[in-house]
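Chemist: build me a model from this:
(one chain, ligands or ions: 1)
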Amino acid sequence: MRVKICGITQPQQSTAIASLGATALGFICVPTSPRYVTTSQIRAAVAELPANIDTIGVFANASVPEISKIVVDSGLTGVQLHGDELPDFCYQLRQALPNVEIIRALRIRSLDHLDTAANYTKYVDTLLLDAYHPEQLGGTGKTLDWTMLEQFSPNCPWFLAGGLTADNIVEALSQVNPSGVDLSSGVERAPGDKDLDKVALLFQSLKNIDLSRS
Ligand SMILES: O=C(O)c1ccccc1N[C@@H]1O[C@H](COP(=O)(O)O)[C@@H](O)[C@H]1O
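Modeler: The predicted model follows:
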């Protein structure tokens, strides 16, 4: 199972979290976020990482040229679209960045809204489901209603996100079967400052689960 830790701002935390077992690290490229990082901060944070760690830039309603420039300049391996990007936007981004993983994050409001996920699977590599918050785009600590996701089985891999912590991850994964999990505020001391003890506890909790199932 993939484990993505998102909202990294400090290079030393980046390498420490990779050593603890993360398979992907996320960098927030949304200027209004308290976890926002510049291209040079991302470059510093990814410089010492092993090549097998995925490095994902998180964007919301940025243009294809803006995203492409940041991805190329900072050496990211993937892009997470966390705004209102439509399938055609994902298609255009794919043309611009053919070798970069595209993750479409959907902030799920209802069971009907979950059905829109099918519109994206042709154009993206991976989906990500996050909880909806009326005022914030992400990093809210709000959990999804996991019972709503019990039958969710799209035609592409997907991450479960939204309010996950070392304390609730086992319960979440007993109800849903994602290809990966994504955590941000649940493993922090303060926005952008990850708590390495909480990250270690997360991997301890994950050891109690059969991660080979997806
Ligand atoms: O973390 C942010 O500040 C952020 C800002 C804008 C878009 C997405 C953001 N974070 C994403 O939110 C989810 C869930 O976070 P949490 O675990 O509930 O704190 C995660 O996918 C982050 O990538």
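
Chemist: so for residue 184, what's the pLDDT?
Modeler: Looking at residue 184, its pLDDT reads 98.

Chemist: helix or strand right after the lowest-mean-pLDDT helix or strand in the chain?
Modeler: Lowest on mean pLDDT, DSSP states H and E among the helices and strands of the chain sits helix 111-114, with a mean of 87. For helix 111-114, the following helix or strand on the C-terminal side (DSSP states H and E) is strand 126-131.

Chemist: does any part of the helix or strand following that following strand sit near the ligand?
Modeler: For strand 126-131, the succeeding helix or strand toward the C-terminus, using DSSP H and E, is strand 158-160. No: against the ligand, strand 158-160 shows no contacts by Cβ under 6 Å from any ligand atom, the least distance being 7.3 Å. All C-beta atoms are positioned from the backbone trio N, CA, C, and that covers glycine.

Chemist: list the helices and strands the helix or strand just after strand 158-160 packs on?
Modeler: As assigned by DSSP H and E, the chain's next helix or strand after strand 158-160 is helix 169-175. Judged by 3 or more Cβ pairs under 8 Å, 6 or more residues apart in numbering; DSSP states H and E, the packing partners of helix 169-175 are strand 180-183, helix 196-207.

Chemist: of the ones you listed, which approaches the ligand most closely?
Modeler: strand 180-183 (4.4 Å; Cβ to the nearest ligand atom).

Chemist: hmm, that closest one in reach of the ligand?
Modeler: Yes: contact between strand 180-183 and the ligand, assessed by Cβ under 6 Å from any ligand atom, occurs at 182-183.

Chemist: list the neighbouring strands of the helix or strand following that strand plus their orientation.
Modeler: On the C-terminal side of strand 180-183, the nearest following helix or strand under DSSP H and E is strand 188-190. Strand 188-190 pairs in its sheet with strand 193-194 (antiparallel), by DSSP bridges.

Chemist: so what does the least confident helix or strand of the chain touch, helix or strand wise?
Modeler: Going by 3+ Cβ pairs under 8 Å, 6+ apart, helix 111-114 lies up against strand 101-108.

Chemist: tell me which residues are up against the strand it packs on.
Modeler: Counting by Cβ atoms under 8 Å, 6 or more residues apart in numbering, strand 101-108 makes contact with 54, 56, 58, 77-82, 85, 90, 93-94, 113-114, 116-117, 120, 123-133, 137-138, 144, 148, 159, 161, all of which sit outside it.

Chemist: so who does the residue sitting nearest the centre point of the chain touch?
Modeler: Geometric centre of the chain, nearest residue: residue 182, 5.0 Å, by Cα atoms, centre = their mean. Residue 182 sits next to 4-6, 26, 128, 130, 159-161, 164 when contact means Cβ under 8 Å, 6+ apart.

Chemist: near the ligand, which residues of this protein show up?
Modeler: When proximity is defined by Cβ under 6 Å from any ligand atom, the chain lies next to the ligand at 6-7, 26, 28, 30, 33, 35, 58, 60, 82, 105, 128, 130, 137-141, 161-164, 182-186.

Chemist: 5 Å instead?
Modeler: 6-7, 26, 28, 30, 33, 35, 58, 82, 130, 137-139, 141, 161-163, 182-185 (Cβ under 5 Å from any ligand atom).

Chemist: of those residues, just the buried ones, PyMOL syntax please.
Modeler: Here is the PyMOL command that selects the buried residues among the residues of the chain next to the ligand (16 or more other Cβ atoms under 10 Å):
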select buried, resi 6+7+26+28+30+33+35+58+82+130+137+138+139+141+161+162+163+182+183+184+185
